[in-house]
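[1] A predicted structure for the sequence below; I have some questions about it.
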Amino acid sequence: MAVRIGETWRNDGPEDTCFGCGHQNEQGLKVVFRRVAADAVEARYEAAPHWCGAPDIVHGGIQAALLDEVLGAAAHCGFDEEPDGSVNLVTVDFQLHYRRPCRAGVPLLLRGELLRVEGRDVFVEGAIRDAEGETLTTAEARWRRLRS
């Protein structure tokens, strides 16, 4: 990933229609990322009321999508040395743990951290936290690099 620590990026090219991070998807989440360490990425997000399941509670599937996005961004931290700065990764395993209600309409912090790279497999973990730093939802995942 060719993003330096402290830099923010968004996927807004004409082909960026991903539901989670693509800014060309009118119905998408449009997550914006910031690299905060060599192995970590964060995103600030405020979920709209239409993303709710129960009243004022962000739907669990939306929470999963948000974490999948930030974990994917963190997984790319393991490939800074790629000549063209890009690598194709996909989610292979994903475990999610709902700890506390995740409210819509309030600032949330999404964080993903690269744990290790083993061959083609990339291991990451992350969380959604509220403005007070309370952990709301956590996830661990294994991503896999696709063969070129």
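    All right, it came through fine. Residues are numbered from 1 along each chain as shown.

[2] and the residue of the chain most remote from its centre, what pLDDT?
    In the chain, the residue that sits farthest from the middle, by CA atoms, centre = their mean, is Pro55; the gap is 24.1 Å. For Pro55, the pLDDT comes out at 95.

[3] Ala139 too?
    98.

[4] Next: Met1.
    At Met1, pLDDT is 58.

[5] Relative to Gln63, how far out is the residue nearest to the spatial centre of the chain?
    Residue closest to the average C-alpha location in the chain (CA atoms, centre = their mean): Val70, at 1.2 Å. For Val70, the distance to Gln63 (CB to CB, to the nearest Å) stands at 11 Å. Yep, even glycine has a C-beta here, placed from its N, CA and C like the rest.

[6] least trustworthy helix or strand in the chain by mean pLDDT?
    strand 8-9 (a mean of 83; mean pLDDT, DSSP states H and E).

[7] Please work out how many residues are found near the closest residue to Val87 other than its chain neighbours.
    Using CB to CB, 6 or more residues apart in numbering and skipping residues adjacent in sequence, the residue nearest Val87 is Phe79, 4.4 Å away. Phe79 has 17 neighbours, counted by other CB atoms under 10 Å.

[8] measure Phe79 to Asp12 for me?
    Using CB to CB, one obtains 21 Å as the distance from Phe79 to Asp12.

[9] Could you do Trp143 as well?
    Distance from Trp143 to Asp12, by CB to CB: 23 Å.

[10] higher neighbour count, these two?
    Neighbours were counted for Trp143 and for Asp12 using other CB under 10 Å; Trp143 has more, 25 against 12.
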